[in-house]
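[1] below are the sequence and a predicted model for it; my questions follow.
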Amino acid sequence: MGGSLAGALRGHVSRLVGVDRDGETVAAALAAGVIDAGTTHLTPTIQTADLIILATPVRAILRLLAELPSARPTGCQVLDLGSTKGAICAAMDNLPPSFAAIGGHPMCGKETAGFAAAAPGLYQGHTFVLCPTARTTPAVTAVAAQVVTWIGAQLLFMSPDTHDQIVALTSHLPYLAAAALMQQTAAAAAAEARIWPVSGAGLRDTTRLAGTDPDMMLDILLTNRAAVLEKLQDFRHGLAQLAELLQNEDEAGLRAWLTHSQQARHTYNTF
């Protein structure tokens, strides 16, 4: 996400400095020309930064927010790209008044991670959620909105709690469903090798999200645990209703259930 953002911001800002704990990633970004300078150390880098964008897994963002007051005592503007917003925005609330901070989440991405997967056009046309915090000012809001415009995304303001409830349903639950189906299929394939040759696009497309980086998903699930558990419970209830219809050979009920799903997919297929 950070590499894609840096690439999308080229030509719009006067200077881009990349920070990553992996020196090879920094070297790759420099070689690709997406940053003007790079380092593996945060503290000296941010002393002159006008805007710091935190594009790491969620719990790393929380650690970095805790370090910012000592790393940059005079404060600065801060934006993040974390996939959950409740804990991050609460941490931003606790920053000293010298900081101006706003939470952000671009609603796009890939199941592959790392700089090699970066693409400057990644954000184009996708929603970019901004979540105001107690440290949000008109100035940092304007800067964040300008970043969203530069990268070709669509701006949407939302509270952190609302954001986390929505993405638990639209992003985190689909990942878990894909991962569970992938595990069930792999376990069955251990006993029946012919499963893979007769698997088609349905399994491939449905389980695509199971290829997502587990470390990233751990951060997401553990920092949005309550909302995800709630959506999982609702999903289990829906599956139980479907199983009951099938168990009872309720053809009319099954038809109604399937038709409702089809119509909903056609009606709301705007994503």
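    That came through, no problem. Numbering: from 1, shown residues only.

[2] mean confidence score for the lengthiest helix in the chain?
    Ranked by residue count and defined by DSSP state H, the top helix of the chain is helix 225-247. Average pLDDT, helix 225-247: 97.

[3] same question, stretch 3-21
    For stretch 3-21, the per-residue pLDDT averages 89.

[4] end-to-end on that stretch?
    Counting by C-alpha to C-alpha, to the nearest Å, you get 14 Å between the two ends of stretch 3-21.

[5] ok, and what's touching that stretch?
    Stretch 3-21 has contacts (C-beta atoms under 8 Å, 6 or more residues apart in numbering) with 2, 26, 29-30, 32-42, 45-46, 49, 53, 55, 81, 115, 117-123, 147, 150-152. In short, each C-beta sits where N, CA and C put it, glycine included.

[6] which residues does residue 73 contact?
    Neighbour list for residue 73: residue 98 [criterion: C-beta under 8 Å, 6+ apart].

[7] same thing but 10 Å
    By C-beta atoms under 10 Å, 6 or more residues apart in numbering, residue 73 lies in contact with 47, 96, 98.

[8] one step back: for the longest helix of the chain, the distance to its chain's centre please.
    24 Å (C-alpha atoms, centre = their mean, to the nearest Å).

[9] any idea how far the most centrally placed residue in the chain is from residue 166?
    For the chain, the residue nearest the mean C-alpha position is residue 83 (3.5 Å; C-alpha atoms, centre = their mean). Here the criterion is C-beta to C-beta, to the nearest Å. By it, residue 83 lies 12 Å from residue 166.

[10] which residue packs closest to residue 35, ignoring adjacent ones?
    If the residues on either side of it in the chain are set aside, residue 35 comes closest to residue 18, at 4.0 Å by C-beta to C-beta, 6 or more residues apart in numbering.

[11] give me the common contacts of residue 83 and residue 166.
    Residues touching both residue 83 and residue 166 by C-beta under 10 Å, 6+ apart: residue 107.

[12] mind listing the helices for the protein?
    All helices of the chain, identified by DSSP H, fall at 2-9, 23-32, 42-45, 58-71, 86-93, 138-150, 160-167, 173-189, 201-206, 214-223, 225-247, 251-267.

[13] want to throw the ones you listed into a markdown table with mean neighbour count?
    Shown next, in a markdown table, are the helices of the chain (neighbours: other C-beta atoms under 10 Å):
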| stretch | mean neighbour count |
| --- | --- |
| helix 2-9 | 22 |
| helix 23-32 | 15 |
| helix 42-45 | 14 |
| helix 58-71 | 18 |
| helix 86-93 | 21 |
| helix 138-150 | 16 |
| helix 160-167 | 19 |
| helix 173-189 | 15 |
| helix 201-206 | 11 |
| helix 214-223 | 17 |
| helix 225-247 | 13 |
| helix 251-267 | 11 |
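
[14] residue 167 against residue 107, yeah?
    Yes - counting by C-beta atoms under 10 Å, residue 107 is a contact partner of residue 167 at 8.1 Å.

[15] what do these two both touch?
    Common neighbours of residue 167 and residue 107 are listed as 83, 129 (criterion: C-beta under 10 Å, 6+ apart).
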